[in-house]
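# got a structure for you, letters missing:
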């Protein structure tokens, strides 16, 4: 199985930096572009990302690119940016190399998942999605991590896995690209809910129920969209959901916990540069679900708290007061 040699990374945040280091550990030539040229220069010169990972020494040999055009000769490009920036940045990619989108979200303006969006902006490119339970800091420390690569091209999936496999970093591939993308998007909304449960001191029982019923919402939407349940019960669905709902490094969980403790979204985000994807994804998930007549009460409660000024305790009481149903009933919980 032949691996790709030259990897382009679009995005100098924590995850883009971590994937650049993974590729270097795998022996690949890596060129990284960041919207902030100071970050790219610091990574190349000083082996440190001063904004997102200032305490971590990075792999040597990561090159900096000042323009996206310099990635045109890469063998593959990893698009590692916030979901709402994927359209703009993908339109700036030149060449014909496969593109692997590593953003977890839904485009708010169109309701498109990331591979659906790239089908519009890069219709002639081979596309894949990389997702799964993967905190950037743990990946940088070389701790065991397994992720999913979704692409309808099985040969490309195998090549991408061989390209990025390094030490304790283990990629799996699947043909269900849309399922991989959906799990990564919905879990961020549910993680905000899990954080609210934690911040409000509602206990471990409530936390376990939230994750379980939240996964049921994800599965209902996914099956209505035609994705495979096996994908949603895998790394990019249930695996990432568990990590993001319970892991202390989760930004989405941290936002929810802050809300549960009485903080506002604006107060939480003050001074932060990292995006909390679940905030923008919540209304987009609900819009997609509404078109398919799928109920997602937990996601709806999160959206009401974030974007409609709903009282947090009223939203919780509303969830607990929903009609009793048989577990697994399709239309709602």
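Everything's here; your move. Please read these numbers as outputs of a predicted model, since none were measured by experiment.

# before we move on, what SS does residue 305 have?
Secondary structure for residue 305, judged by DSSP: H, G, I helix; E, B strand; the rest coil, is helix.

# show me what contacts residue 207?
Listed by Cβ atoms under 8 Å, 6 or more residues apart in numbering, the contact set of residue 207 reads 194, 197, 198, 245, 246. (C-beta placed from N, C-alpha, C; glycine too.)

# burial measure for the last one, as a count.
Using other Cβ atoms under 10 Å, residue 246 has 16 neighbouring residues.

# For it, give me its contacts.
Applying Cβ under 8 Å, 6+ apart to residue 246 gives the contacts 194, 207, 211, 253.

# ok, residue 42 touching residue 50?
Yes. Contact criterion Cβ atoms under 8 Å: residue 42 and residue 50 qualify, at 5.1 Å.

# before we move on, back to that, the contacts of residue 207 in helices, which ones?
Of the contacts of residue 207, the ones assigned to helices by DSSP state H are 194, 197, 198, 245, 246.

# Of all pairs in those, which one is the farthest apart?
The span of the ones in helices among the contacts of residue 207, defined through Cβ to Cβ, is set by 197 and 246 at 10.7 Å.

# returning to that earlier point: which one of the contacts of residue 207 has the most neighbours?
Most crowded among the contacts of residue 207, counting by other Cβ under 10 Å, is residue 194 at 29 neighbours.

# just the helices in the stretch 201-333 of the chain please.
In the stretch 201-333 of the chain, the helices defined using DSSP state H, counting those that start in this stretch lie at 204-225, 229-232, 240-246, 251-260, 265-269, 277-291, 297-307, 312-320.

# can you redo these as a markdown table with mean pLDDT and distance to residue 146?
Listed next are the helices of the stretch 201-333 of the chain as a markdown table, based on pLDDT from 0 to 100; distance: least, Cβ to Cβ, whole Å:
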| stretch | mean pLDDT | distance to residue 146 |
| --- | --- | --- |
| helix 204-225 | 96 | 18 |
| helix 229-232 | 97 | 14 |
| helix 240-246 | 97 | 11 |
| helix 251-260 | 96 | 20 |
| helix 265-269 | 92 | 30 |
| helix 277-291 | 96 | 21 |
| helix 297-307 | 97 | 26 |
| helix 312-320 | 93 | 32 |
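
# quick revisit: looking only at neighbour counts, state which of residue 42 and residue 50 leads.
Neighbour totals were compared for residue 42 and residue 50, and residue 42 leads with 20 against 13 (other Cβ under 10 Å).

# what sits against residue 301?
Residues near residue 301 by Cβ under 8 Å, 6+ apart: 193, 310, 315, 316, 318, 319.

# How many residues are close by the fifth one?
Just to be clear, that refers to residue 318. Residues near residue 318, counting by other Cβ under 10 Å, number 15.

# gap between it and residue 300?
Computed as Cβ to Cβ, to the nearest Å, the residue 318 to residue 300 distance reads 9 Å.

# now do the third one
Residue 315 sits 9 Å away from residue 300, taking Cβ to Cβ as the criterion.

# try residue 91
From residue 91 across to residue 300, the span is 33 Å (Cβ to Cβ).

# Also residue 131?
Separation of residue 131 from residue 300 (Cβ to Cβ): 24 Å.

# Now tell me what touches the helix or strand harbouring residue 40 from outside.
Using DSSP states H and E, residue 40 sits within helix 37-46. For helix 37-46, the surrounding residues in contact (Cβ under 8 Å, 6+ apart) are 12, 17, 20, 32-34, 48-52, 58, 62-66.

# Among the residues you listed, which lie within helices?
Counting by DSSP H, the contacts of helix 37-46 place 17, 20 in helices.

# What's the ChimeraX syntax to select whichever of the contacts of helix 37-46 are buried?
Buried residues among the contacts of helix 37-46 (16 or more other Cβ atoms under 10 Å), as a ChimeraX selection:
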select :12,17,20,32,33,34,48,49,51,52,58,62,63,64,65
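
# What are the phi and psi values at the residue nearest the centre of the chain?
A centroid search over the chain (Cα atoms, centre = their mean) returns residue 104, at 2.7 Å, as the residue closest to the centre. Phi and psi for residue 104, reported as degrees, to the nearest 10, are phi -120, psi 100.

# Quick one, which of the contacts of residue 301 are buried?
Using 16+ other Cβ under 10 Å, the buried ones in these are 193, 310, 315, 316, 319.

# residues of stretch 110-121 that come out buried?
111, 112, 113, 114, 115, 116, 117, 118, 121.

# Quick check: which ranges of this protein have low pLDDT?
1, 330-333 (pLDDT under 70).

# ok, back up a step: right, and out of the contacts of residue 246, which lies closest to residue 294?
Of all those, residue 294 sits closest to residue 211, with 18.8 Å by Cβ to Cβ.

# check contacts around the closest one.
Counting by Cβ under 8 Å, 6+ apart, residue 211 touches 190, 194, 241, 242, 245, 246.

# and of those, the nearest to residue 80?
Among the contacts of residue 211, residue 241 lies closest to residue 80 (Cβ to Cβ), at 20.6 Å.

# Could you break this protein into its assigned domains?
When the chain is parsed with automatic domain parsing, its domains come out as 6-175, 178-320.
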